[in-house]
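Chemist: quick one: sequence plus predicted model below, questions after.
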Amino acid sequence: MPREALGALEVYGFPPFLEAADAALKAADVVPVRTDSAGIGLLCLYVQGDVGAVRTAVEAGTNAASRSSRAMSMVLANPQIGQVSNILGTSQAKGSGGQTAEAQADAAWGGSRPMMALGSLQSDGVLPLVESADAMLKAANVQLFNYRWIGLRNHTLCLSGEIGDARTALDVGVQTAQRTSGEVYGSLLANPFPLLFGIIGAEPGSSEGSGDYIPSLGILETKGLAASSEGSDAMFKASRVKPVKFIRAGLAWLVTFVTGELGSVQTAIESGQAAASQKGESQSTVIPNPHPDLLPLFGIEAQAQ
Amino acid sequence: MAQANNPEIRQGSLGVVETLGLLPLVESTDAMLKAANVEVVRWEKIGLGWAICCIAGNVGAVRASVEAGHRAADRLTQTGVAADAISKVLGGPLPFPALNSCLLANPAPQTWDWVSGRAPSRQRQVSGNSIGYVEVLGFVSAILALDMMLKGANVSFSGYGGIPPRYVLWAQGDVGAVRTAVDGASAMARDGGRFVSSDIMARPEVDTAETIPSRYDISTITGFSLALPHRLRLSAPPADGDTPRPTKAEKKAEPAEQQGQEEG
């Protein structure tokens, strides 16, 4: 009887998690059944299969992730499968019994799997990630998608494209993020296991730019509501900018996005940063002429001005 | 998250295992179910990386089960992946273990209600106009504190707040009873290093009393809710059933009337 064992991997950080998931799924014939998150940057992948396969898979995954991050794994060789699966929500994968992972992938992609590299980037806070997303989009022909907050101050996104493009973009992205972020993780999978796109719950091409002209984008990231209010107030009084997005970025950090002409945004951000830094930690940046695909990635609906 | 709540179970003993990170709890859950004849009444991520598994059954089964679960989780919590993530935020090592468990051999009815995630079926009304709270870290500490409060003195549990895994439990009753309850619960939490704060308000101003949760607030069980007291008031207490929520004026009038009746 197949799928008698349940294995799980828990990895700190999204890029190491992708590496681990890829390694685990390639190492043995196991079926990914669910992902979960503990909410502090830890991501969890559950797989089912024969006990030997599951053991091989989670070990391969742990080894892959341990190169850049921390990971742990476990195998339940003969779990109380009904009860544990019900609790974990991992029972639905049983329907596709008998199929190998390859066959499932072929079915999911209609037999024509894209041969694209899959990369991901993680930073402390939103600001470094927006800066590097813009740099990546401008550096090479890649698509960015699946911006997520995974707990604490960890923000992540995925990129895909031809391997050369993806490598160039990721290098630029990591360098950019390292200027302002304490901790940066980046990973690149040259030939990702096809089911990975299903695991991360998103596919490239889901965020297309509207093509609207956005003069420039200002970002003010502050710790605490007091600093955020003071900063925003100063920004809107300093010059004519438009607030377009407000994000709760985890651990009391709050992010305000504004758009406007370059000079206005610069003035606003300078004043906002000065006011906010009196109340608490803050950081800010101005992105002149952002790439059109940048704003939809972060859920910003900008209108032509 | 699949809910394994079984509202029918209300008797016997309760066991809880609480871990930092999901994997230790998965392993623990399996071990608990294999160890003895127990049923999982709640399995939930409570916030900031902590997750709980509550089991019910007869006292011997629950004891064996919790011990097995604690041992199983111990191996994985010692790898410290989750503790590392949290200690980056704290700027130092975790001040208490990433694993906690407890056994309540004969829990109070309101403890049952809280653990199984439901509104209380019977709310014991206690006279007295003092309130007090204890704030603790972790679900295990919280239910131990609650059980201690309810059994140690003649008080009623009037609600809770806090951002999990930090819980604030409110008790109401005579000032002496509230003091006993809060002190007992605080002492218990201090033993495990999971005590945060406590306070007692004898005869609070009506406006002050209004800002604390007046009933059992179920919205804080499942979701992430702000600790701001006025936020807790926003959700209608489920115990009211279909009756419309009182307006602010009516609400203010109520406590005054109750006070009058008690004095008379």
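Modeler: Cool, the structure landed.

Chemist: show me where the stretch 151-300 of chain A has strands.
Modeler: Ranges of strands within the stretch 151-300 of chain A are A:154-161, A:185-189, A:216-223, A:242-248, A:253-260, A:282-288, based on DSSP state E, counting those that start in this stretch.

Chemist: make a markdown table out of the ones you listed and add mean neighbour count and mean pLDDT.
Modeler: From N, CA and C alone the C-beta is placed, and that goes for glycine too. Formatted as a markdown table, the strands of the stretch 151-300 of chain A follow (neighbours: other CB atoms under 10 Å in any protein chain shown; pLDDT from 0 to 100):
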| stretch | mean neighbour count | mean pLDDT |
| --- | --- | --- |
| strand A:154-161 | 25 | 92 |
| strand A:185-189 | 23 | 94 |
| strand A:216-223 | 26 | 95 |
| strand A:242-248 | 15 | 91 |
| strand A:253-260 | 23 | 94 |
| strand A:282-288 | 19 | 95 |
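
Chemist: so can I have a markdown table of those strands showing distance to B:Leu20?
Modeler: Below are the strands of the stretch 151-300 of chain A laid out as a markdown table (distance: least, CB to CB, whole Å):
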| stretch | distance to B:Leu20 |
| --- | --- |
| strand A:154-161 | 16 |
| strand A:185-189 | 21 |
| strand A:216-223 | 24 |
| strand A:242-248 | 23 |
| strand A:253-260 | 22 |
| strand A:282-288 | 29 |
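
Chemist: tabulate the ones you listed in TSV, adding columns for distance to chain B.
Modeler: Below are the strands of the stretch 151-300 of chain A laid out as TSV (distance: least, CB to the nearest CB, whole Å):
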stretch	distance to chain B
strand A:154-161	9
strand A:185-189	13
strand A:216-223	12
strand A:242-248	10
strand A:253-260	12
strand A:282-288	18
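
Chemist: nearest to A:Leu6, of these?
Modeler: Go through those one by one with CB to CB and the one that ends up closest to A:Leu6 is strand A:185-189, at 24.7 Å.

Chemist: for that closest one, what is the distance to the chain centroid?
Modeler: Here strand A:185-189 is found 11 Å from its chain centre; the criterion is CA atoms, centre = their mean, to the nearest Å.

Chemist: dump stretch B:147-156 to PDB, restricted to CA.
Modeler: C-alpha atoms of stretch B:147-156 as PDB (Å, rounded to 0.1, in the frame of the first residue of the first chain):
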ATOM      1  CA  ASP B 147      -8.200  26.800  36.100                       C
ATOM      2  CA  MET B 148      -6.300  28.000  39.200                       C
ATOM      3  CA  MET B 149      -8.300  31.200  39.300                       C
ATOM      4  CA  LEU B 150     -11.600  29.500  39.000                       C
ATOM      5  CA  LYS B 151     -10.900  26.800  41.600                       C
ATOM      6  CA  GLY B 152      -8.900  28.900  44.000                       C
ATOM      7  CA  ALA B 153     -11.500  31.500  44.800                       C
ATOM      8  CA  ASN B 154     -15.100  32.500  44.200                       C
ATOM      9  CA  VAL B 155     -14.700  34.500  41.100                       C
ATOM     10  CA  SER B 156     -16.100  34.400  37.600                       C
END
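
Chemist: in it, what's buried?
Modeler: B:Asp147, B:Met148, B:Met149, B:Leu150, B:Gly152, B:Ala153, B:Asn154, B:Val155, B:Ser156 (16 or more other CB atoms under 10 Å in any protein chain shown).

Chemist: now the fourth one: closest residue in space that isn't a chain neighbour?
Modeler: With CB to CB, 6 or more residues apart in numbering or on different chains as the measure, B:Ala108 is the residue that lies nearest to B:Leu150, at 4.2 Å, once sequence neighbours are left out.

Chemist: and the next helix or strand past the top helix by length along chain B?
Modeler: Longest helix in chain B by number of residues, with DSSP state H as the criterion: helix B:59-77. As assigned by DSSP states H and E, the chain's next helix or strand after helix B:59-77 is helix B:81-90.
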